[in-house]
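Novice: Model the following, please.
(one chain, ligands or ions: 2)
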Amino acid sequence: MEESVVERVKNLFKMPQSLCRQCGQCCRVVCFKGGLSYEELIDALKKEGAPDADIVLIEGIKDFLTLFRPYKTNEEAREKNPSFVEKFRARLKNYDENKQYFYCCKFLDDDNRCLIHEDRPTLCRLYPLPHERTIFYDNCGYEQTAKKNIKEISDIIERLKKGEIL
Ligand code: SF4
Ligand code: SF4
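Specialist: Numbers count the residues shown, from 1 in each chain. Ligands and ions are numbered 1, 2, ... in the order given. You can find the predicted model right below:
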């Protein structure tokens, strides 16, 4: 049976785990929402329960902080992965060394193994999403496939908008 458009898009978002080269880069130097600082994350958590609280953000921060600890300085993160820090800096129009922060997963060992691999959270299982904003780490095994999938997803969206497919 021919694959429907919805099925096709769903399949394009799922990328085979076998593409991962287990280099550990995406666990060793990461950012949260454009590089929010640890203090900003804690401040956002303090708003939990307030009428104007952003529940999605708060839950996201809780999940994130369960896994990640902040680097003391950006220099420390840069030593671990200079190219990612540079790609991130280039992506942000107003990158400010004093305001953007990087984090490292507490469950990554020195051999780039995930100590909770079988029980790793959804956040980790979804990475990397084939999205135009995703910043790929050097030699990430997913990059080529993700970029191909992003293009196909964009083409499908364009064709849907034009009414070429239903
Ligand atoms: S950067 Fe890519 S290849 Fe390396 S561990 Fe992460 S997902 Fe796997
Ligand atoms: S829990 Fe495992 S897969 Fe997730 S970021 Fe940490 S080391 Fe990586």
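Novice: Please identify the buried residues of the lengthiest helix in the chain?
Specialist: Looking across the chain with DSSP state H, the single longest helix is helix 143-161. Going by neighbour count (16 or more other CB atoms under 10 Å), the buried part of helix 143-161 is Glu143, Ala146, Asn149, Ile150, Ile153, Ile156. For the C-beta atoms, the positions are set from N, CA and C on the backbone; glycine is no exception.
Novice: Now tabulate the residues you listed in TSV and tack on pLDDT and distance to ligand 2.
Specialist: Formatted as TSV, the buried residues of helix 143-161 follow (pLDDT from 0 to 100; distance: CB to the nearest ligand atom, whole Å):
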residue	pLDDT	distance to ligand 2
Glu143	96	17
Ala146	95	17
Asn149	95	21
Ile150	95	22
Ile153	94	24
Ile156	94	30
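Novice: Now narrow the residues you listed to whatever sits close to ligand 1.
Specialist: Subset of the buried residues of helix 143-161 in contact with ligand 1: empty, counting by CB under 6 Å from any ligand atom.
Novice: Ligand 1: which of these is nearest?
Specialist: Distance to ligand 1, by CB to the nearest ligand atom, is smallest for Glu143 among these, at 7.6 Å.
Novice: wait, doesn't that closest one sit right on Phe136?
Specialist: Yes - counting by CB atoms under 8 Å, Glu143 touches Phe136, with 4.3 Å between them.
Novice: Now tell me what touches the helix-or-strand element of the chain with minimal mean pLDDT from outside.
Specialist: Taking mean pLDDT, DSSP states H and E as the measure, the chain has helix 122-126 as its least confident helix or strand, at a mean of 89. Contacts to helix 122-126, defined as CB atoms under 8 Å, 6 or more residues apart in numbering, come from residues Cys27, Asp63, Phe64, Leu67, Cys114.
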